[in-house]
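In: Here is the input, now give the coordinates:
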Amino acid sequence: MQTSLNNTMATTHDDSEQFDDTEQQGGIAWRETALIIVSLIAIAALAMLWINRLPAEGSSEVVFARDMIAHHEQAVEMAAYLNQRLDTDEGMRLFTFDMMISQKGQIGQMQGWLQAWGHPLASGEPPMQGMGEHMGMASREQVQALETLPIEEAEIQFLQLMIRHHQGGVYMAEDVLEQTKRPEVVQLAQAIIAAQESEIKYMTELLAKRNAEPLPPLPRMKH
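Out: Below you'll find the predicted structure:
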């Protein structure tokens with residue numbers, strides 16, 4: 001009987017040690033899990049601080065906003081020149097009017113960014129580093145000709161120039177998407193790409209109806 005009691009006590013002791021070991025392992029596992037969770041929270045907080053910090057002067061976001069404002073301003077100007085001359089082509093008149101309104105709205109949005117970020121609307125540097133033609137910008141002579149060319153020729157020139165202009169705008173938006181994670185900039189850049197690619201397709205169709213073709217595609221250059 002003593003032997004049986006000793007065996008029972010030994011078994012109880014072993015079970016107690018096994019329970020202690022399991023409890024200890026569980027505590028270690030819980031602490032490791034808690035440490036991982038805390039680390040992930042800290043990483044997420046740092047990421048949010050990085051994303052939400054205000055863009056500095058010369059950053060991709062500030063440069064994009066200023067350059068796209070200038071780019072949009074010319075598109076609005078070109079659309080306005082043609083729009084005021086359109087009396088019979090209701091489709092083209094509505095298209096140019098919509099372009100004016102939508103791009104003016106985006107200009108206001110980007111100007112708001114710059115003000116919120118504490119930066120002036122313009123810098124001492126020329127927009128697009130003085131190489132606007134590589135971003136599809138038309139020359140002053142080409143823009144002003146939209147007021148004086150016969151209306152049929154003006155429509156064709158507008159469509160040809162604006163297709164290249166939109167191609168440059170798409171390139172600029174694609175470039176900034178490779179450099180920023182700021183939600184507002186990403187959202188606008190994606191919207192610009194979607195809208196302008198759709199309008200390029202539509203303007204190409206309008207040219208075909210006028211027995212004309214687009215100019216050669218704008219060469220792809222990093223902005």
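In: Relative to Arg210, how far out is Gln157?
Out: Here Gln157 is placed at a distance of 11 Å from Arg210 (CB to CB, to the nearest Å). To be clear about C-beta, it is placed using only N, CA and C from the backbone, and glycine gets the same treatment.
In: And Pro183, by the same measure?
Out: The gap separating Pro183 from Arg210 is 41 Å, by CB to CB.
In: do the same with Ile200
Out: Relative to Arg210, Ile200 is positioned 16 Å away (CB to CB).
In: which of these two has more neighbours?
Out: Of the pair Ile200 and Arg210, Ile200 is the one with more neighbours under other CB atoms under 10 Å, namely 21 against 12.
In: give me the element that one is part of.
Out: Take DSSP states H and E as the rule and Ile200 turns out to sit in helix 183-209.
In: buried set for that helix?
Out: Going by neighbour count (16 or more other CB atoms under 10 Å), the buried part of helix 183-209 is Val185, Leu188, Ala189, Ile192, Ile193, Ala195, Gln196, Glu199, Ile200, Met203, Leu206, Leu207.
In: For those, work out which two are farthest apart.
Out: By the measure CB to CB, Val185 and Leu207 form the most distant pair in the buried residues of helix 183-209, at 32.0 Å.
In: now the buried residues of helix 183-209 as JSON lines including distance to Val63 and pLDDT?
Out: Written out in JSON lines, the entries for these read as follows (distance: CB to CB, whole Å; pLDDT from 0 to 100):
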{"residue": "Val185", "distance to Val63": "11", "pLDDT": "98"}
{"residue": "Leu188", "distance to Val63": "14", "pLDDT": "98"}
{"residue": "Ala189", "distance to Val63": "13", "pLDDT": "98"}
{"residue": "Ile192", "distance to Val63": "15", "pLDDT": "98"}
{"residue": "Ile193", "distance to Val63": "18", "pLDDT": "98"}
{"residue": "Ala195", "distance to Val63": "21", "pLDDT": "98"}
{"residue": "Gln196", "distance to Val63": "19", "pLDDT": "98"}
{"residue": "Glu199", "distance to Val63": "24", "pLDDT": "98"}
{"residue": "Ile200", "distance to Val63": "24", "pLDDT": "98"}
{"residue": "Met203", "distance to Val63": "27", "pLDDT": "98"}
{"residue": "Leu206", "distance to Val63": "32", "pLDDT": "97"}
{"residue": "Leu207", "distance to Val63": "32", "pLDDT": "98"}
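In: Okay, domains of the chain per the record?
Out: Per the record's domain assignment (automatic domain parsing), the chain is made up of the domains 1-53, 57-209.
In: Okay, now the unreliable bits of this protein?
Out: Along the chain, the model assigns pLDDT under 70 to residues 1-52, 222-223.
In: try 80
Out: Residues of the chain that meet the criterion pLDDT under 80 lie in 1-52, 221-223.
In: Just give me the residue closest to the centre of it.
Out: Central residue check for the chain by CA atoms, centre = their mean: the C-alpha nearest the mean position is that of Ala189, 2.5 Å away.
In: check contacts around that one.
Out: Ala189 is in contact with Phe64, Ala173, Glu174, Val176, Leu177, Thr180, counting by CB atoms under 8 Å, 6 or more residues apart in numbering.
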